[in-house]
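In: Dropping the sequence and predicted coords here.
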Amino acid sequence: MPLVISIKTHSRIDMLDITPAVQEAISNSSLTDGICVVYIPHTTAGITINEGADPAVCQDIMKKLNELVPYDAGYLHLEGNSDSHIKTSIVGNSVTIFVENGRLVMGTWQKIFFCEFDGPRSRKANIKLMGS
Amino acid sequence: MPLVISIKTHSRIDMLDITPAVQEAISNSSLTDGICVVYIPHTTAGITINEGADPAVCQDIMKKLNELVPYDAGYLHLEGNSDSHIKTSIVGNSVTIFVENGRLVMGTWQKIFFCEFDGPRSRKANIKLMGS
Amino acid sequence: MPLVISIKTHSRIDMLDITPAVQEAISNSSLTDGICVVYIPHTTAGITINEGADPAVCQDIMKKLNELVPYDAGYLHLEGNSDSHIKTSIVGNSVTIFVENGRLVMGTWQKIFFCEFDGPRSRKANIKLMGS
C-alpha cells in the first residue's frame, strides 16, 4: 500500500502546504537516498511546488487560475466543476522530489502545495518512495 | 528499449484514454511494485490524468485550451502549430503513476489521456517501469 | 549530493536548452538504464520539454505565457514577480526522461529547456539518476 496523507480543505479553491506531512512520511520510512513522488488520486485537485514564505503568492496563483479558467463559462460537463478539472490538468497531479540523507531536497523558498479546486472536501495524497 | 504504445489520433485536438494499454504493458512485464512513467516523445502532443467517466470533461479541457491558446494568434513559428507546442508545455509531456501488485494505483475517476494537439497523426507513448 | 547544473540567464523571461549539460551529467555517471529527473529548486523558474529546432517556438511560448499571465496585473504579492511564480506552476518544476545505454531517450525534436521567469539570474538545476 502507498503511504497516504489525509487532507481537509476549507474552501472551493485552496492551496495547503503539505511539506511537513511528506517529510514525516519519509522520516518514518527506511529511505535515505532516492526520490519521493507525491500523487493526487483526484480529478479536481492537483499539486504544485511554489513559494511558501508569503501567502500572497498562493492567493495570486489561485486568482489568476480563476481568471483564466472561470467557474462558470458555458461548460458541457454539468456537475459545475469543469473549471476544477481544467485547472487540475494545467497544474498537474504529481510532483517528484529528491531525497538525500532522509530529507527532502528542495529550494530555500519551495513548499509542496496540495491544490484544491473543488472543495471543501476530504482529500488524499499518495506517496511513493523509490531508492535505498 | 522502452515499452512503446502506438496511438492513432483522429482530429487536430484530441484526448485518448490510453489507460488500458498502459496497464497491459505493466501486466506483460515483471513489475509488481514501483512506478510507471509514461513519456510522450513529441513536441505537439502531451499527456494528462483526468476524469474518464463523462466525455464532456475532456471536451471542456480542449475547448478551454483552444480559448487560452488559439490556433492562429500571430505566432512567429511558421508551421501553423505554435498553439500545439504551447499547449504541450502547459499540460506536460509525462506522467508518473504508482504500481502495486502489478496494477496501476489511480483514483476512482482517473484515466490517462494522450493529448493530441496537432493531429490527426500516428503517435507514440514510451513507458518505463521502475521497481521490482 | 545531487548533480547540479549551473545556469546563467540573460533576460527576465528566457528559455535555455540544457540538454547537453543533462546528457553530460549522465555520461559522467555510472547510469546505463533508468530515469533522469531534472528538478528546478527555484520558485520563479521552471522546466519544460519542447521543440529546439526553431527558436521561434520558444519565443511563442514565452509570448503567450506573458499574455496569459502579464507582469503587472494587480497582484497581492509585492515583490513584482507574482507572474513568475504563476508561470512556474503552469509549466512545472521538474521533468523525467528515460535513459537507455547511457543516453537520454527523447523525441527527434525534443530539447530540455530551463524556463527563467524572473531573470536575469544565476540559477541551478538538480539532477537525480535512478536505475542501474
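Out: Alright, I've got the coordinates. Numbers count the residues shown, from 1 in each chain, chains lettered A, B, ... in the order given.
In: Every contact and neighbour count from this point should use C-alpha atoms.
Out: Fine.
In: All the helices of chain A, residue numbers only.
Out: Listed in chain order, the helices of chain A (DSSP state H) span A:19-27, A:55-68, A:82-91.
In: Highest mean neighbour count out of those helices?
Out: Across the helices of chain A, averaging neighbours per residue (mean count of other CA atoms under 10 Å in any protein chain shown) puts helix A:82-91 on top, at a mean of 25.
In: Now residue A:119: closest residue in space, sequence neighbours ignored.
Out: Excluding its sequence neighbours, the residue lying closest to residue A:119 (CA to CA, 6 or more residues apart in numbering or on different chains) is residue A:12, at 3.9 Å.
In: now do residue A:69
Out: residue A:83 (5.7 Å).
In: and residue A:81, backbone torsions?
Out: For residue A:81, the backbone dihedrals (degrees, to the nearest 10) come out as phi -140, psi 30.
In: What's the local residue count around it?
Out: Residue A:81 has 17 neighbouring residues, counting by other CA atoms under 10 Å in any protein chain shown.
In: Residue B:65 versus the closest residue to it other than its chain neighbours, what's the distance?
Out: Nearest-residue entry for residue A:81: residue A:118, 6.7 Å, with adjacent residues in sequence omitted and distances by CA to CA, 6+ apart. Residue A:118 is 20 Å from residue B:65, where distance means CA to CA, to the nearest Å.
In: show me what contacts the residue nearest to residue A:81?
Out: A:11-13, A:44-45, A:81, A:84 (CA atoms under 8 Å, 6 or more residues apart in numbering or on different chains).
In: hmm, 10 Å instead?
Out: A:9, A:11-14, A:43-45, A:71, A:80-85 (CA atoms under 10 Å, 6 or more residues apart in numbering or on different chains).
In: hang on, the earlier thing: what's near enough to touch the residue nearest to residue A:69?
Out: Counted by CA under 10 Å, 6+ apart, residue A:83 has contacts A:44, A:65-66, A:68-73, A:75, A:77, A:117-118, B:57, B:60-61, B:64.
In: From residue C:9, how far off is it?
Out: Taken as CA to CA, the span from residue A:83 to residue C:9 is 35 Å.
In: again, but for residue A:68
Out: Residue A:68 is 28 Å from residue C:9, by CA to CA.
In: before we move on, what about residue A:132?
Out: 35 Å.
In: Neighbour count: those two, which is higher?
Out: In this view residue A:132 and residue C:9 are compared by other CA under 10 Å, and residue C:9 has more residues nearby, 20 against 10.
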